[in-house]
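[1] A structural model of the following input is requested.
(one chain, ligands or ions: 1)
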Amino acid sequence: MNLLAPVRRDRVLAELPQCLRKEAALHVHKDFHPRVTCACQEHRTGTVGFKISKVIVVGDLSVGKTCLINRFCKDTFDKNYKATIGVDFEMERFEVLGVPFSLQLWDTAGQERFKCIASTYYRGAQAIIIVFNLNDVASLEHTKQWLADALKENDPSSVLLFLVGSKKDLSTPAQYALMEKDALKVAQEIKAEYWAVSSLSGENVREFFFRVAALTFEANVLAELEKSGARRIGDVVRINSDDSNLYLTASRKKPTCCPGG
Ligand SMILES: Nc1nc2c(ncn2[C@@H]2O[C@H](COP(=O)(O)OP(=O)(O)OP(=O)(O)O)[C@@H](O)[C@H]2O)c(=O)[nH]1
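    Numbering: from 1, shown residues only. Sure thing, here's the model as predicted:
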């Protein structure tokens with residue numbers, strides 16, 4: 001008996017959502033890795049469909065972490081600031097290439113006095129979303145410290161990183177362009193994928209979370225294939241590679257399992 005509600009129709013991903021900026025992307029391939037597509041077609045994704053992937057959202061107080069999650073999960077926006085005390089989380093169910101996939105989005109407190117409670121929940125993250133306010137350069141400067149803290153509890157070689165500028169609606173195009181330059185530099189340095197969003201208008205929010213879901217799913221399926229020994233000689237999977245701008249790269253050798261795949 002399936003006790004879970006069906007996946008919402010607007011959470012179905014049939015294609016790989018694209019990055020925002022090619023200069024700071026986890027990878028820039030147009031499609032899912034062929035081995036992932038192939039595994040999904042052949043129902044060889046192992047436990048991926050039953051797993052829940054943990055995603056943590058960190059960053060300075062009041063940068064808009066809660067609003068970002070609420071815009072995506074509940075399509076709401078609250079203009080009044082209520083500090084997150086410790087942590088909170090939302091579950092989101094997707095269907096990626098026909099396979100169910102769940103993300104647990106952990107909203108953590110940015111306020112110093114709640115930080116020690118929040119940091120106890122950092123462990124086991126598959127993706128880290130570091131949020132800064134596009135209108136506050138200090139919040140961008142602090143992202144490296146947030147990342148360092150989050151990585152203390154996680155495996156830096158396998159976790160996917162996203163650097164997200166929030167409150168885009170509050171910047172003029174000129175202000176935004178200036179901030180984006182700095183943010184792209186930070187994203188490249190820390191090997192994170194860069195996004196800019198507005199939870200007020202909803203700009204890029206859905207696109208961003210779809211990208212998080214897709215890349216986390218892809219990494220999970222590749223890891224599952226590797227674990228199950230399905231990896232063939234000649235395939236190379238490098239996560240967080242130093243290879244140009246591709247932080248998450250994998251060989252594009254034609255899979256033998258899916259002719260033409
Ligand atoms: N204009 C605008 N305001 C925003 C946006 N996102 C958040 N805010 C406002 O910024 C304030 C803080 O938002 P929160 O989402 O609570 O911030 P937070 O990062 O979760 O804060 P902590 O829980 O203290 O860490 C609130 O008053 C929001 O209404 C946005 O995209 N645009």
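
[2] Flag the shaky bits of the stretch 1-150 of the chain, pLDDT-wise.
    Residues of the stretch 1-150 of the chain that meet the criterion pLDDT under 70 lie in 1-5.

[3] Kindly report the residues of it close to the ligand.
    Residues of the stretch 1-150 of the chain lying close to the ligand by C-beta under 6 Å from any ligand atom are 61-67, 78-81, 83-84, 109-111. Yep, even glycine has a C-beta here, placed from its N, CA and C like the rest.

[4] Out of these, which end up buried?
    Applying 16 or more other C-beta atoms under 10 Å to those, the neighbour count classes 61, 62, 63, 64, 65, 66, 67, 84, 109, 110 as buried.

[5] mind listing the strands for the stretch 1-150 of the chain?
    For the stretch 1-150 of the chain, the strands defined by DSSP state E, counting those that start in this stretch cover 12-13, 52-58, 87-96, 99-108, 127-133.

[6] can I get the ones you listed in JSON lines with mean neighbour count?
    Formatted as JSON lines, those follow (neighbours: other C-beta atoms under 10 Å):
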{"stretch": "strand 12-13", "mean neighbour count": "16"}
{"stretch": "strand 52-58", "mean neighbour count": "23"}
{"stretch": "strand 87-96", "mean neighbour count": "18"}
{"stretch": "strand 99-108", "mean neighbour count": "21"}
{"stretch": "strand 127-133", "mean neighbour count": "26"}
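
[7] and those strands as CSV, adding distance to residue 165?
    Below are the strands of the stretch 1-150 of the chain laid out as CSV (distance: least, C-beta to C-beta, whole Å):
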stretch, distance to residue 165
strand 12-13, 24
strand 52-58, 14
strand 87-96, 21
strand 99-108, 18
strand 127-133, 6
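
[8] Would you tell me which of those gets closest to residue 196?
    Each of these has some distance to residue 196 by C-beta to C-beta; the shortest is strand 127-133, at 10.1 Å.
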